[in-house]
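K.L.:
Next input, structure requested:
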Amino acid sequence: MTADQTATPPTTPTTGTSGTTPGTSSAPGSGEVVLVTGASSGIGRATAVLFARRGASLVLVARSESTLEAAAAECRAAGAKAVEVAPVDVLDRTGLQAAVDTATGTFGRLDVVVHSATVMAYGRLEDLDPDVFERVVDTALHGTNNVVGAVLPVFRRQQRGSMIVVSSLLASITAPTMGAYVAAKWGQLGMIRTLQQELRELPDVHVSAVAPGGTTTPIYSQAATVLGHTGHPPPPVYTPERVARAIVDRVADPRRLKQSGFTNPLIIAGFRLFPPVFDALVGPLLKVFGMSRDSVPETTGNVFAPVPGKEATRGPYRGI
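P.N.:
From the prediction side, this is the model:
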């Protein structure tokens, strides 16, 4: 499950005000130029703040301008060398290219890209509105391809760069009523693995994936649902800051796929080695440990447009 993002933005990003914090960071990575998608909420926002503490120059991308500006202010306070904002949907190829151009034009290069933008929907495949299903999948697949198309030419020119994609435990297993998100994340991980193969001739260009399990972000309450209730992160629940540390670590230590959750490998092993047992248990366990007891009308959540009032770094659930 992952970080949050969403919407229908202008075709070109509105560049925010550069901010400079007095003093410079002596932490490792100080001075790096980092672009983060999905930066207004959840894992993306936590990751942006963590890079800010390293003294990075940041370009923050998300659909909601108001919460993006709040995230930028948080990054400046944390020690970012400079911050630019680009209120852009990752499905807007032109706007996303302009955000990358902002990074290279303002700071002269682009060192790290963290792609965290995603949306989610709850419901059986037969019950989901086809437009909701398509948007969830499009955000993961076309959105990732748009990021790749804008970023890789820069990395190739530089002959260096690091891209980290926030994947999910659900890129390696399946779960009932989460078919749209499963399809999105399985497809996205396939794209990432293919990209890793295609970049083997560039030893200093790295693409990593980090796959969180349950993480206390607002994505669950923002998801589309036709179930009459929302979901919540299944245990063990991690904080977005913990996942952010795993993401930042991939700059110095690239991995094809890093599971961020100590039970992830066990769950994946059960899915692969004992499918009849897994299939019998996953539905009932998801109802008990992954679904809220609230009551909500059918909603498209933030699938088509952001819901700024629900965006934050953390959701309401306690994490470790």
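K.L.:
For the longest strand anywhere in the chain, what does the pLDDT average out to?
P.N.:
If you go by DSSP state E, the chain has its longest strand at strand 205-212. Mean pLDDT, strand 205-212: 98.
K.L.:
Touching that strand from outside, list them.
P.N.:
The contact list for strand 205-212 (CB atoms under 8 Å, 6 or more residues apart in numbering) reads 1-2, 43, 152, 155-156, 159-169, 171-172, 189, 192, 195-196, 199, 238, 243, 246-247, 250, 254-261, 264. Glycine gets a C-beta too; all of them are placed from N, C-alpha and C.
K.L.:
Helices - which of those residues land there?
P.N.:
43, 152, 155-156, 189, 192, 195-196, 243, 246-247, 250, 264 (DSSP state H).
K.L.:
got TSV for the residues you listed, with neighbour count too?
P.N.:
What follows is the ones in helices among the contacts of strand 205-212, written out as TSV (neighbours: other CB atoms under 10 Å):
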residue	neighbour count
Ile43	35
Leu152	19
Phe155	23
Arg156	13
Leu189	22
Ile192	22
Leu195	18
Gln196	18
Val243	28
Ala246	23
Ile247	29
Arg250	21
Asn264	20
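K.L.:
what two of the residues you listed are the furthest from one another?
P.N.:
By the measure CB to CB, Arg156 and Asn264 form the most distant pair in these, at 32.4 Å.
K.L.:
For the residue positioned nearest the centre of the chain, report the pLDDT, please.
P.N.:
Taking CA atoms, centre = their mean as the criterion, Ser116 is the residue nearest the geometric centre of the chain, at 1.7 Å. Per-residue confidence (pLDDT) for Ser116: 98.
K.L.:
need the strands for the chain, in chain order.
P.N.:
Going by DSSP E, the chain shows strands at 33-37, 57-62, 82-87, 112-115, 121-122, 161-166, 205-212, 224-225, 258-260.
K.L.:
and of these, who's closest to Ala280?
P.N.:
Ala280 lies closest to strand 121-122 among the strands of the chain, at 20.8 Å (CB to CB).
K.L.:
strand partners of the closest one, parallel vs antiparallel please.
P.N.:
Strand 121-122 sits in its sheet next to strand 224-225 (parallel), going by DSSP bridges.
K.L.:
Please verify my assumption that Val137 contacts Val182.
P.N.:
No: at 9.9 Å, Val137 does not count as touching Val182 under the criterion of CB atoms under 8 Å.
K.L.:
returning to what we had before: for Gly309, which of the strands of the chain is the nearest?
P.N.:
strand 57-62 (14.5 Å).
K.L.:
Next, the angle strand 33-37 makes with that closest one.
P.N.:
Computed with axes from the mean of the first three to the mean of the last three CA atoms, to 10 degrees, the direction of strand 57-62 lies at 10 degrees from that of strand 33-37.
K.L.:
And strand 57-62, what does it pack against?
P.N.:
If you count contacts as 3 or more CB pairs under 8 Å, 6 or more residues apart in numbering; DSSP states H and E, strand 57-62 packs onto strand 33-37, helix 42-53, helix 65-78, strand 82-87, helix 93-107.
K.L.:
can you pull the buried residues of the last one?
P.N.:
Of the residues in helix 93-107, those scored as buried under the neighbour-count criterion (16 or more other CB atoms under 10 Å) are 93, 95-104, 107.
K.L.:
before we move on, what about stretch 59-79?
P.N.:
Residues of stretch 59-79 classed as buried by neighbour count (16+ other CB under 10 Å): 59-65, 67-72, 74-76, 78-79.
K.L.:
hmm, back to that, with distance to Thr177 and pLDDT as added columns, please give the ones in helices among the contacts of strand 205-212 in CSV.
P.N.:
What follows is the ones in helices among the contacts of strand 205-212, written out as CSV (distance: CB to CB, whole Å; pLDDT from 0 to 100):
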residue, distance to Thr177, pLDDT
Ile43, 22, 98
Leu152, 35, 98
Phe155, 38, 98
Arg156, 41, 98
Leu189, 20, 98
Ile192, 25, 98
Leu195, 30, 98
Gln196, 31, 98
Val243, 23, 98
Ala246, 27, 98
Ile247, 28, 98
Arg250, 31, 98
Asn264, 20, 98
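K.L.:
and the end-to-end length of stretch 307-320?
P.N.:
Chord length of stretch 307-320, first to last residue, is 26 Å (CA to CA, to the nearest Å).
K.L.:
Kindly report the same for stretch 216-225.
P.N.:
Length of stretch 216-225, first residue to last, CA to CA: 18 Å.
K.L.:
what comes up buried for that stretch?
P.N.:
In stretch 216-225, counting by 16+ other CB under 10 Å, buried: 216-225.
K.L.:
From Lys287, how far off is the residue of the chain most remote from its centre?
P.N.:
Residue farthest from the centre of the chain, counting by CA atoms, centre = their mean, is Pro276 at 31.3 Å. Using CB to CB, to the nearest Å, we find Pro276 at a distance of 19 Å from Lys287.
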